[in-house]
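# Mind looking at a prediction? Sequence and model below.
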Amino acid sequence: MASNTILNPNARKAMDQLKFEIAGQLGVDFNQGYKGNISSRDNGSVGGAMTRKVWSQYQNSIAAK
């Protein structure tokens, strides 16, 4: 069962940091607070890049074992 409950409080901080880092790399103006001026495409590109990076790091950690 999927859940949006954060099990580790530090995880939210790390994911937010990753989100802003990737948004900066993609050139998306992703400020804290209101994000209604950002297109769905730009928001999706940040989320997709986050997923690819996390998945890649996971695969690398498994391969190193």
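Looks like it came in fine. Residues are numbered from 1 along each chain as shown.

# where does this protein have low pLDDT?
For the chain, the stretches with pLDDT under 70 are 1-3, 32.

# List the buried residues for the longest helix along the chain?
With secondary structure taken from DSSP state H, the chain has its longest helix at helix 40-63. Within helix 40-63, the residues scored as buried using 16 or more other CB atoms under 10 Å are 42, 45-46, 49-50. Placement of C-beta: from N, CA and C, glycine included.

# Quick one: list the elements packing against that helix.
helix 9-26 (3 or more CB pairs under 8 Å, 6 or more residues apart in numbering; DSSP states H and E).

# For residue 7, state which of the buried residues of helix 40-63 is nearest.
residue 50 (18.1 Å; CB to CB).

# Touching, the closest one and residue 15? I think so.
Yes: with contact defined as CB atoms under 8 Å, residue 50 reaches residue 15; the gap is 7.5 Å.

# quick one on the thing from earlier: got the buried residues of helix 40-63 as TSV, with distance to residue 57 columns?
Listed next are those as TSV, based on distance: CB to CB, whole Å:
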residue	distance to residue 57
42	23
45	19
46	17
49	13
50	11
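
# For residue 24, state which of those is nearest.
residue 46 (9.8 Å).

# right, and the closest one touches residue 23 too?
Yes: between residue 46 and residue 23 there is a contact at 4.9 Å, judged by CB under 8 Å.

# That's all I had, so thanks and see you.
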